[in-house]
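Novice: Structure for the following, please:
(chains A and B)
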Amino acid sequence: MSLVKIANGTVYDPTNNIDGVVQDIWIQDGKIVAPPTATDVRPDRTLDATGLVVMAGGVDMHAHIAGPKVNLARKMRPEDKRLAPPVRRTPNTRSGTVGSVPSTFATGYLYAGMGYTTVFDAAIPPLAARHAHEEFGDTPIIDKGFFLLFGNNHYVLNQIAANEPERLKAFVGWMLHAAKAYAVKVVNPGGIEVWKGGGDNVHSLDESVEHFNVTPRQIITSLTQTAMDLGLPHPVHIHCNNLGLPGNWNTTLATMQALEGRRAHLTHIQFHSYGGGLGEQSQFCSKTTELADYVNAHPNLTVDVGQVLFGETTSMTGDGPLGYYLHKVTGRKWTNADTEMEAGCGIVPITYREKSFVHALQWAIGLEWYLLVNDPWRIAMSTDHPNGGSFLAYPEIIQLLMDRTYRQEVLKRVPPRVLECSVLKDLDREYSLYEIAIITRAAPARMLGLKHKGHLGIGADGDVAIYTPNANKLDMFALPRYVLKGGVVIVEQGEIREELFGRTLYAATSYDDGVLPDIQKWFEEYYTIQFNNYPVDEHYMTNGSTAVACSNR
Amino acid sequence: MSEAAVMDAETRIVKDATCTFCGCVCDDMELTVVGKRITKAKNACVLGKAWFLNHHIEEHAVATIEGKPATLEEGVERAAQILANARYPIVYGLSDTTCEAQRVAVSIADRVGACVDTTTSVCHGPSGMAFQGVGEVTCTLGEVKNRADLVIFWGGNPAESHPRHWTRYSLMPKGLFVPNGRKGRTAVLVDVRKSKSAAAADIFWQIKPRKDFEVLWALRALVKGVEIDPAIEQETGISLAQMQDLVQRMKSCKFGIIFFGMGLSMTRGKHMNVEAALSLARDLNDYTRFYAKPVRGHGNVTGADNVVAWQTGYPFGVSLGRGYPRFNPGEFTTSDTLARGEADAGLIIASDPAGNFSQPAREHLKKIPYIALDPHESETTRGATVHFCTATYGINTPGTVYRMDDVPIPLRPAFDSPFPSDETVLRAIEKRVRELLRERLTN
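Specialist: Sure thing, here's the model as predicted:
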């Protein structure tokens, strides 16, 4: 079969402690292999990477790219696409629209065009899992998977209230299996159910959720433990309570403390790091230092940032009450979409303005996180696409991190009060290429428990991004020289050469099926589809799937 | 089939089958299948029973070209030639087939630079446009079953058009927070005529025709505390006191919802009417939880919206003529491209525009070559240059459909058909179209 040699490139492969070493990378049948020992082996294709930077394909661990929420946003926002340059049809590829919520084909091409080869959607309601898989079937090139919403699921709340951890574990295992999902996602635990029940939200970890008599704290700790007990490749993925609200850093810190050393990932941490009080913008400030100190001291925690960038985008979240809040703050159109027994959803267009104190501070807080977490292995790059900005902004974030002069230039343009309310101006740290390789591929792959992703060691997937070095890091990372997916050259200098479809990744969970009759009884009482029509079968993964093993305890 | 034949043929039961007759997409059918006939459809409504029990495999060639029987391959070749050689082709219909087939149809449209449009543009297209204007506070039907204590139907007749909407989803069922079912809910019907649905409503408003917007806007005003002139009654047929009563109910319910039909989206005001309904529901969220949803007609029209949206970014009325998607209802919607005499070829899937479009549109369709995929004969198939007789989705083919609330549901076919599925035919056309386009590129 095919043998590819990437010759003479400068390799940055942090997983294997390779920091800018000139060497060859060999790929056979889609996987990285050792260089052949025989001297007469001729590769089918050789890419001359002399003078070029070679990294594993990028891994985006938290984005919104498929499923009902994303598609509602596409339908709601024709204006968002009107001015964005479209993706044009070619003889080999499909057309698409971009804006903040690209169409499926465009999503695959644009990620690949940037050197990203693996992406996870962060919030799918189980009832819509089939929809997400269908969109994945039309999303080319990248490998992908999704996280499943559990933090407001009625069966989950019931088992926690009844103190039935074994039944909870079986249910979560069954649900992940039924939806072919990758990880457990918790969004505003308890708060969405309160919203759906007619209240406004929960505001602290110890408020009780009406009717269910559980607290956010119980939901967080129970699901964290459940994810550990199931041995899932990725630990619980938490979107904390009180997203976006001034003073929410207290809730974030309390959430970290509540985990008591259990492994967990806190997502789009930027949106959860605000000081100040409700309704008092004058006190709005950064609490990154306090939270980053806690993360630095607690190796059980990992984070991704949710960087805000200036410009027009779309806020989309499983956090229903947050959608309402943003609608009220911005006055813009608002979609709310609640899913029976399971989840909520809010979508609002948003424009982050450089001259807005709040938006500029959000921007600064995101950068503080990158610069204040000491160990890059515990922080992943994200914009929470498209919430903080599009994934297309990753090259710009890289430039902000690698070039403090550029960072200071931007800082000069924002309202001066931002300088007083954050420590960004005092942070001289600059990321190296090696560290960039960590936060954009190696670390997210490790956090996700994907042993075959994010690195270039033997046995890893042949997903490779090759960049032309440039002092301007935005240009360097926006337009890779080559991108390979499974050993096939799919992008050359920004142009898609070949359309192939990546695989779907899901967790190979096992569960005690003794609990199924109880689940079925509950299901048949409250759902509006048949129990047998709920699980998603393999035929929806038309382009192949990889069931990632759990470490059974 | 005689009694004896029924007894002799193998009898099978298909459980959890899905009815694709209307947008309710009830998936709790229990079908008794004898040979190639469905003899019983347990749980089906009157419309569903007709859908299943009247289904039979017609004697028909798999393909006809200009009315003459042809092989599938010949049909595919002719269809691909028509599409590859067209300058302004249209792809239309799509609401009565699987998402799997819809995905291929949009792909063909993209390859040949067609305008792709669905029957949404002639039913709830204005609702889609209203959604783009103001957003939508919406939910799955199970939320209604479990929580709704105030259910308003506006501009529709669900008792006759969607019989199980009430019994399975919105009025009758007992739910988590509505343990007494129908007794725990207030049902309101607003329409311009007293339809059969009126008898089941606790409150019925017969409003003057073409006054939906005025009534909805007055309700919005009252919710916001704006004074309304009592003369509103002469204008709309509804007294101020009635309106104040309903506003009080809307503000004080725990979970309210407006289900609106084509009485809003396809009468004077169109998308403005729907914007008013969506805005009213949205505004009420300052007081309680309040939702609004269109009641969709065809079995997979919601899937068509979703597929077209995820592949192109827009829900219907999309032109791919410039090599990338553009959206403009009125310009790229099929009834318009035909009526203006613009389209020069067509691919029509599971729809009958020759039977129900405007006179100018029908006249133009007769003049251009087009391909029709349909299990049954219709005006459209009879006038088609190429007609593929395809298997019926849900009864003969598996696949996926989206219920009116965007919930995707798998199909469990009752028995095989001698005819290919829409997806199979479309895939063959797509393959051949791509070959032809590639040949043209290299020549």
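
Novice: Look up which helix or strand the residue positioned nearest the centre of chain A falls in, please.
Specialist: Nearest residue to the geometric centre of chain A (Cα atoms, centre = their mean): residue A:62, 0.4 Å. Element membership for residue A:62 (DSSP states H and E) is strand A:58-63.

Novice: How about residue A:537, nearest residue that isn't a chain neighbour?
Specialist: Spatially, and ignoring its direct neighbours in sequence, residue A:537 is nearest to residue B:410 (8.0 Å; Cβ to Cβ, 6 or more residues apart in numbering or on different chains). Backbone N, C-alpha and C define where each C-beta goes, glycine included.

Novice: For the strand or helix carrying the one you found, name the packing helices and strands.
Specialist: Secondary structure assignment for residue B:410, by DSSP H and E: strand B:408-411. When contacts are defined as 3 or more Cβ pairs under 8 Å, 6 or more residues apart in numbering or on different chains; DSSP states H and E, strand B:408-411 sits against helix A:129-137, strand B:399-402.

Novice: quick one: average confidence on it?
Specialist: The average pLDDT for strand B:408-411 rounds to 98.

Novice: can you list contacts of that strand?
Specialist: Here strand B:408-411 makes contact (Cβ atoms under 8 Å, 6 or more residues apart in numbering or on different chains) with A:128, A:130-131, A:134, A:529, A:533, A:537, B:17-18, B:20, B:25, B:27, B:98-99, B:303, B:393-394, B:397-403.

Novice: Just the buried residues from those residues, in PyMOL please.
Specialist: A single PyMOL command selects the buried members of the contacts of strand B:408-411 (16 or more other Cβ atoms under 10 Å in any protein chain shown):
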select buried, (chain A and resi 128+130+131+134+529+533) or (chain B and resi 17+18+20+25+27+98+99+303+393+394+397+399+400+401+402+403)
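
Novice: In contact with residue B:169, which residues?
Specialist: A:528, B:24, B:141, B:142, B:144, B:145.

Novice: now, among those, which is nearest to residue A:120?
Specialist: Distance ranking of the contacts of residue B:169 against residue A:120, using Cβ to Cβ, places residue B:142 first at 26.8 Å.

Novice: how close does the closest one sit to residue A:177?
Specialist: Going from residue B:142 to residue A:177 by Cβ to Cβ, to the nearest Å gives 21 Å.

Novice: ok, the two, which is more surrounded?
Specialist: residue B:142 (24 against 18; other Cβ atoms under 10 Å in any protein chain shown).

Novice: Can you report phi and psi for the more buried one?
Specialist: Dihedral pair for residue B:142: phi -70, psi -30, per degrees, to the nearest 10.

Novice: Where does the prediction get shaky in chain B?
Specialist: Along chain B, segments meeting pLDDT under 70 span B:1-9.

Novice: if you set the cut-off to 80 instead, what comes out?
Specialist: Where chain B drops to pLDDT under 80, the residues are B:1-9, B:443.

Novice: Could you pick out the longest helix of it?
Specialist: helix B:422-442 (DSSP state H).

Novice: got a list of what the residue in the stretch 251-400 of chain A that chain B sits nearest to touches?
Specialist: Nearest residue of the stretch 251-400 of chain A to chain B: residue A:340, at 2.7 Å (Cβ to the nearest Cβ). Residue A:340 is in contact with A:127, A:526, A:527, A:528, B:139, B:140, B:141, B:142, B:143, B:145, B:146, counting by Cβ under 8 Å, 6+ apart.

Novice: where does the fourth one land in three-state SS?
Specialist: What that stands for is residue A:528. coil (DSSP: H, G, I helix; E, B strand; the rest coil).

Novice: re the thing from before, I'd like the contacts of residue B:169 laid out as a markdown table, including distance to residue A:163.
Specialist: Listed next are these as a markdown table, based on distance: Cβ to Cβ, whole Å:
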| residue | distance to residue A:163 |
| --- | --- |
| A:528 | 29 |
| B:24 | 39 |
| B:141 | 32 |
| B:142 | 27 |
| B:144 | 32 |
| B:145 | 29 |
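
Novice: Pick out whichever of those sits closest to residue A:370.
Specialist: residue B:142 (41.5 Å).

Novice: Verify the stated contact: the closest one with residue A:528.
Specialist: Yes - using Cβ atoms under 8 Å, residue B:142 is in contact with residue A:528, at 4.2 Å.

Novice: What parts of the stretch 151-300 of chain A come near chain B?
Specialist: A:154, A:195, A:196, A:197, A:198, A:211 (Cβ under 8 Å from any Cβ of the partner chain).

Novice: Of those residues - the most surrounded one?
Specialist: residue A:195 (26 neighbours).

Novice: Now the host helix or strand of residue B:250: buried residues?
Specialist: Using DSSP H and E, residue B:250 sits within helix B:240-252. By neighbour count on 16+ other Cβ under 10 Å, the buried set for helix B:240-252 is B:240, B:242, B:243, B:246, B:247, B:249, B:250, B:251.

Novice: Residue B:208 and chain A, how far apart?
Specialist: In this view, residue B:208 and chain A are 30 Å apart by Cβ to the nearest Cβ, to the nearest Å.

Novice: so what's that residue closest to, chain neighbours aside?
Specialist: Closest to residue B:208 by Cβ to Cβ, 6+ apart is residue B:237, at 4.3 Å.

Novice: What's the local residue count around the one you found?
Specialist: That count, for residue B:237 with other Cβ under 10 Å as the rule, works out to 17.

Novice: thinking again about what came up before, which two of the residues of the stretch 151-300 of chain A next to chain B have the greatest separation?
Specialist: Top of the distance list for these (Cβ to Cβ): A:154 and A:198, 15.7 Å.

Novice: And the closest residue in space to residue B:328 that isn't next to it in sequence, how far from chain A?
Specialist: Closest residue to residue B:328 apart from its sequence neighbours, by Cβ to Cβ, 6+ apart: residue B:317 at 6.4 Å. According to Cβ to the nearest Cβ, residue B:317 and chain A sit 10 Å apart.

Novice: now the residue nearest to residue B:208: how far from residue B:226?
Specialist: Where residue B:226 is concerned, residue B:237 sits at a distance of 20 Å (Cβ to Cβ).

Novice: and what of residue A:299?
Specialist: In terms of Cβ to Cβ, residue A:299 sits 59 Å off from residue B:226.

Novice: how about whichever residue of chain B sits closest to chain A, what does it touch?
Specialist: Nearest to chain A in chain B, going by Cβ to the nearest Cβ, is residue B:142, at a distance of 2.7 Å. By Cβ under 8 Å, 6+ apart, residue B:142 lies in contact with A:339, A:340, A:341, A:526, A:527, A:528, B:169.

Novice: who touches the fourth one in this structure?
Specialist: With contacts defined as Cβ under 8 Å, 6+ apart, residue A:526 is in contact with A:154, A:340, A:341, B:142, B:145, B:146, B:175, B:176.

Novice: What is the most widely separated pair among these?
Specialist: Farthest apart among the contacts of residue A:526 - using Cβ to Cβ - are A:154 and B:145, which lie 13.2 Å from each other.

Novice: Around chain B, pick out the residues from the stretch 1-150 of chain A.
Specialist: Residues of the stretch 1-150 of chain A that fall close to chain B, judged by Cβ under 8 Å from any Cβ: A:66, A:68, A:70-72, A:74-79, A:81, A:86-89, A:91, A:94-97, A:99, A:101-106, A:127-128, A:130-131, A:134-135, A:137-138.
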